[in-house]
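In: Curious how this folds, go ahead:
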Amino acid sequence: MPNHQLPWDQILARIIVKQLVRSPITPNQITYFSLLLAICGSILLTVGKSSYSNCGVLLFIFARFLDHLDGELARQKEMKSKIGYYLDYIAGGISYGTLFICLGIGFQGGFLGNWSIIIGLTGCFTAVACVFLNLKIDEKNDQVDPAKGESIGYPMILGFELEDGIYLMAPIAWLGWLEPFFISAGFGATIYGVWTLYELTRLK
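Out: Below is the predicted model of the structure:
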């Protein structure tokens, strides 16, 4: 796919991955590492202190950027596989599910109270449900071939995918607006889940 048709972070990933093509590093190893970073970053968000939250957010954002590296490395090493395809989806679902749960725990002592746990559980459920919904969408979409490790991806505008909104967490956390972001992300995840379900219904 030409660079101008790719999201900006994937273009950057394509440049970085060129240095890894001759290394023994595999795409699945990057996926496992990104999942570990995402979980560690999410756990730091349960502490409730800004210094921990800022570190946790940076770890999570870096982990999600690595999500582009594994796919790009698979393409450049010609190592695309069905296992990697499923692993990528599962890692993404677990990462976002853990993020919502940990944010819910971290903000439980704030003005949201127990509502933060409800929002966290809702976001987690939506993240996991969307994994299965997107798998079904790929299965029914003629433009992708899961057997070759291909997926449909996210909606894109001006070189930015819907998922790229996660990068905004860095300045938001630095400004101390992480709790409002958590609330809006909970609603946004629900809307995305409904939209994904609609897309699957439309394909059927």
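In: for this protein, what spans make up the helices?
Out: All helices of the chain, identified by DSSP state H, fall at 8-17, 27-44, 50-76, 82-106, 115-140, 169-174, 178-203.
In: quick one: contacts for residue 165?
Out: residue 188 (Cβ atoms under 8 Å, 6 or more residues apart in numbering). Placement of C-beta: from N, CA and C, glycine included.
In: Next one, pLDDT for it please.
Out: Note for residue 165: predicted pLDDT of 78.
In: For residue 161, find the nearest of the helices of the chain.
Out: helix 8-17 (8.0 Å; Cβ to Cβ).
In: worst-scoring helix or strand of the chain, pLDDT-wise?
Out: strand 156-157 (a mean of 60; mean pLDDT, DSSP states H and E).
In: Reformat the helices of the chain into TSV and put mean pLDDT, mean neighbour count and distance to residue 161 next to each item.
Out: TSV is the format used below for these (pLDDT from 0 to 100; neighbours: other Cβ atoms under 10 Å; distance: least, Cβ to Cβ, whole Å):
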stretch	mean pLDDT	mean neighbour count	distance to residue 161
helix 8-17	83	18	8
helix 27-44	95	20	16
helix 50-76	90	20	10
helix 82-106	93	21	12
helix 115-140	92	18	13
helix 169-174	92	17	15
helix 178-203	90	16	12
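In: Which residue is the nearest non-sequential neighbour of residue 47?
Out: Using Cβ to Cβ, 6 or more residues apart in numbering and skipping the chain neighbours, the partner closest in space to residue 47 is residue 106 (6.8 Å).
In: residues touching that neighbour, list them.
Out: Residues near residue 106 by Cβ under 8 Å, 6+ apart: 45-48, 53, 116.
In: gap between the most centrally placed residue in the chain and residue 118?
Out: Computing the C-alpha centroid of the chain and ranking residues by Cα atoms, centre = their mean puts residue 92 first, at 4.7 Å. Distance check for residue 92 against residue 118: by Cβ to Cβ, to the nearest Å, it reads 23 Å.
In: isn't residue 186 right next to residue 119, touching?
Out: Yes. Using Cβ atoms under 8 Å, residue 186 is in contact with residue 119, at 4.0 Å.
In: which residues are in contact with both of those two?
Out: Listed as contacting both residue 186 and residue 119 by Cβ under 8 Å, 6+ apart are residue 100.
In: rewinding a little: got the contact list for the residue lying closest to the residue nearest to the centre of the chain once chain neighbours are set aside?
Out: Nearest non-adjacent residue to residue 92, counting by Cβ to Cβ, 6+ apart: residue 67, 6.5 Å away. Counting by Cβ under 8 Å, 6+ apart, residue 67 touches 31, 34, 88, 91-92.
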